[in-house]
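J.: Sharing a sequence plus its predicted fold:
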Amino acid sequence: MRVTDLLRTMDIFEALPSEELEPIAQLLRERRLLEGDVLCRQGEPGDALFIVTGGRIRLSTVDPSGNEKVLTYFTDGQFFGEMALLTGAPRSATATAESDSQVLVLQKHDFDLLLATHAQIMREMLKVVSQRTLQTNQQLLAEEPGSSVTVGAGRIYAVFSPRGGAGKTTLAVNIALQQAMEQPERTALFDLNLTFGHAAAMLGLTPQTSLADVPAESLADFDRRTLGRFMATHDSGLQVLVAGTRPEEGEVVTAAHVRAALSTMKRQFSASIVDCGTSFDEPTIAALEMADRLLVVCTPELNTLRDVRECLRVFSEIIHLDADRLVFVFNHYQPFAVLAREQFETALEQPMAIEIPHAGEAAYKAAARGEPLVRSGSGLPFSKAVEKLTRSLIPAEARPTRKQGMKVLGSTKRSARQSGGLMGMLRGKRAS
Ligand code: CMP
């Protein structure tokens with residue numbers, strides 16, 4: 001890929017016209033790294049910014065007892081090293097090539113000049129620095145043993161579609177892995193498909209335990225340690241919880257199971273992605289109620305349009321979800337489209353947050369190999385769209401306040417009283 005094409009994919013340069021990208025590209029020098037090479041070291045002075053063009057860079061810090069702690073990984077199109085340049089402080093972390101990699105190096109005097117002459121780059125840079133600081137704060141808070149401040153600190157992203165086969169699981173898995181590549185061990189995926197869940201298989205995992213194994217009487221004592229025993233770990237660091245390992249186990253999972261698991265996940269992970277079922281059963285409703293963001297996967301068809309409209313009615317009139325939590329994703333799960341995005345948006349009277357291109361055969365192969373496309377095909381338009389969606393959805397959001405966290409828990413208590421799925425909720429409403 002040409003350097004200017006790469007720059008165009010980066011948020012900080014996105015708004016610049018092509019003629020301004022060329023001189024910036026001229027300032028960058030390529031540097032090749034072998035696996036294990038250290039690019040910059042925590043505590044040392046910093047005089048350059050790095051943009052990854054290939055491979056994978058591990059960012060880590062060392063705590064006072066000498067233990068290495070991985071903060072994140074950087075891949076194609078991501079930059080780092082801006083903090084020392086902006087503040088004059090020593091490098092806040094060590095960057096090591098996880099595999100043979102290439103980076104573009106921008107020297108400090110060129111960086112300073114660029115920021116001084118482009119307000120847009122400065123604004124985007126500040127946004128990234130704020131997001132990174134927020135993530136670090138959140139991580140520190142969550143790690144404080146027994147800290148009550150961490151209650152509700154993480155966010156839950158539920159992925160829902162009224163239509164089976166819409167690509168909901170593929171999206172949930174790819175979003176989760178994309179986020180885990182940046183926040184390893186701080187990201188979780190919860191497969192809430194009660195009978196036939198495929199999320200773990202898409203990651204090449206075969207979990208031996210599931211939420212269904214947690215006895216109902218133990219739910220009140222559910223904590224991080226208990227949760228950890230029922231989760232599988234992907235090699236990216238992503239933690240995966242499945243509702244059941246066999247179809248018959250799905251029936252055992254109740255709304256109380258889901259609430260206990262998600263409350264604990266909110267404390268332990270900064271982002272938990274839930275692959276919801278396609279029906280409004282009680283466990284699914286519990287997840288929808290607890291979600292900070294609800295991704296509604298739409299496909300370019302009339303039937304889906306009708307079903308999504310019905311969902312919106314249910315969300316608003318029966319489950320009483322805030323409309324501003326909804327995020328619509330237009331997914332081309334097949335190579336042709338009956339409805340264009342604009343037609344769907346007009347008919348639904350809702351804007352789509354993003355359009356996900358059809359990934360063709362690559363998607364099937366990735367699922368069969370257990371290697372999601374965001375990792376095995378990171379240059380594909382599908383992967384780039386998922387990356388964009390994940391970045392705009394997850395890091396752009398501030399940590400919810402305690403008040404917001406409690407509001408979510410409050411609405412959960414309401415549904416605990418009104419059991420019986422949608423009809424139960426309707427009965428409760430009529431009686432009140
Ligand atoms: P700098 O301190 O110059 O060198 C290390 C770089 O790692 C730092 O700039 C940021 O670019 C990056 N960095 C530090 N902390 C985080 C974090 N929590 N998340 C992502 N990137 C970070």
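T.: Nice, thanks for sending it over.
J.: ranges for the helices of the stretch 301-432 of the chain?
T.: Shown for the stretch 301-432 of the chain, the helices assigned by DSSP state H, counting those that start in this stretch span residues 302-313, 341-348, 361-369, 373-376, 381-393, 402-417, 421-431.
J.: mean pLDDT for those: which is lowest?
T.: Among those, helix 402-417 carries the lowest mean pLDDT, a mean of 32.
J.: residue ranges with poor pLDDT in this structure?
T.: Applying pLDDT under 70 to the chain flags residues 135, 137-152, 395-432.
J.: Write out the residues of it neighbouring the ligand.
T.: Listed as neighbours of the ligand in the chain under the rule C-beta under 6 Å from any ligand atom: 40, 46, 59, 71-72, 80-84, 91-93, 132, 135-136. Using the backbone N, CA and C atoms, a C-beta is placed for each residue, glycine as well.
J.: how close does the closest residue to the ligand within the stretch 201-350 of the chain sit to residue 128?
T.: Nearest to the ligand, among the residues of the stretch 201-350 of the chain, is residue 270, at 10.7 Å (C-beta to the nearest ligand atom). Using C-beta to C-beta, to the nearest Å, residue 270 is found at 16 Å from residue 128.
J.: For the closest residue to the residue of the stretch 201-350 of the chain closest to the ligand other than its chain neighbours, give its distance to the ligand.
T.: Nearest residue to residue 270, sequence neighbours excluded (C-beta to C-beta, 6 or more residues apart in numbering): residue 186, at 4.5 Å. To the ligand, residue 186 is 10 Å away according to C-beta to the nearest ligand atom, to the nearest Å.
J.: backbone phi and psi for residue 186, please?
T.: phi -110, psi 10 (degrees, to the nearest 10).
J.: Surely it touches residue 272?
T.: No: with contact defined as C-beta atoms under 8 Å, residue 186 does not reach residue 272; the gap is 9.8 Å.
J.: The two: which is more packed in?
T.: Neighbours around residue 186 and residue 272, counted as other C-beta atoms under 10 Å, are more numerous at residue 272. The numbers are 29 against 24.
J.: Wait, the more buried one touches residue 266, no?
T.: Yes: counting by C-beta under 8 Å, residue 266 is a contact partner of residue 272 at 6.8 Å.
J.: tell me, what's touching these two both at once?
T.: 154-156 (C-beta atoms under 8 Å, 6 or more residues apart in numbering).
J.: Of the residues you listed, which is the nearest to the ligand?
T.: residue 154 (15.5 Å).
J.: which non-adjacent residue is nearest that closest one?
T.: Going by C-beta to C-beta, 6+ apart, residue 154 has residue 266 as its nearest residue, at 4.4 Å.
J.: Please, which helix or strand holds that neighbour?
T.: Under DSSP states H and E, the secondary-structure element containing residue 266 is helix 255-268.
J.: so how far is that helix from its chain's centroid?
T.: Centroid separation for helix 255-268 versus its chain: 17 Å, with C-alpha atoms, centre = their mean, to the nearest Å.
J.: more crowded one of residue 270 and residue 128?
T.: The neighbour comparison of residue 270 against residue 128 (other C-beta under 10 Å) goes to residue 270, with 23 against 18.
J.: My read is that that one contacts residue 156, right?
T.: No: using C-beta under 8 Å, residue 270 is not in contact with residue 156, being 10.7 Å away.
J.: residues near residue 109, how many?
T.: 11.
J.: any idea how far residue 87 is from it?
T.: Residue 109 is 16 Å from residue 87, by C-beta to C-beta.
J.: Next: residue 224.
T.: Counting by C-beta to C-beta, the gap from residue 224 to residue 87 is 34 Å.
J.: Next, residue 207: secondary structure please.
T.: Assigned with DSSP: H, G, I helix; E, B strand; the rest coil, residue 207 falls in the coil class.
J.: Tell me the spatial nearest neighbour of it, not counting adjacent residues.
T.: residue 232 (4.2 Å).
J.: would CSV of the shared contacts of residue 272 and residue 266 with neighbour count and secondary structure be doable?
T.: Below are the shared contacts of residue 272 and residue 266 laid out as CSV (neighbours: other C-beta atoms under 10 Å; DSSP: H, G, I helix; E, B strand; the rest coil):
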residue, neighbour count, secondary structure
154, 25, coil
155, 24, strand
156, 25, strand
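J.: Let me know the closest of these to residue 115.
T.: Nearest to residue 115 among the shared contacts of residue 272 and residue 266: residue 155, at 30.6 Å, using C-beta to C-beta.
J.: in the sheet, who's paired with the closest one?
T.: For residue 155, the beta-bridge partners under DSSP bridges are residue 271.
J.: Beta-bridge partners for the residue nearest to residue 207, please?
T.: residue 240.
J.: I'd guessed it sits against residue 205; true?
T.: Yes: Residue 232 is within contact range of residue 205, at 4.9 Å (criterion: C-beta under 8 Å).
J.: what do those two both touch?
T.: residue 240.
J.: Which residues are in contact with residue 300?
T.: Contacts of residue 300 (C-beta under 8 Å, 6+ apart): 330, 332, 337-341, 344.
J.: hang on, residue 367 packs against residue 170?
T.: Yes: when contacts are counted by C-beta under 8 Å, residue 367 is listed as touching residue 170 (7.0 Å).
J.: count of neighbours near residue 168?
T.: Residue 168 has 27 neighbours, counted by other C-beta under 10 Å.
J.: How about it, nearest residue that isn't a chain neighbour?
T.: That would be residue 161: by C-beta to C-beta, 6+ apart, it lies 4.3 Å from residue 168.
J.: hang on, isn't that neighbour packed against residue 279?
T.: No: between residue 161 and residue 279 there is no contact under C-beta under 8 Å: 10.9 Å.
J.: Tell me which of those two has more neighbours.
T.: residue 161 (28 against 13).
J.: phi, psi of that one?
T.: Taking degrees, to the nearest 10 as the convention, residue 161 sits at phi -150, psi 140.
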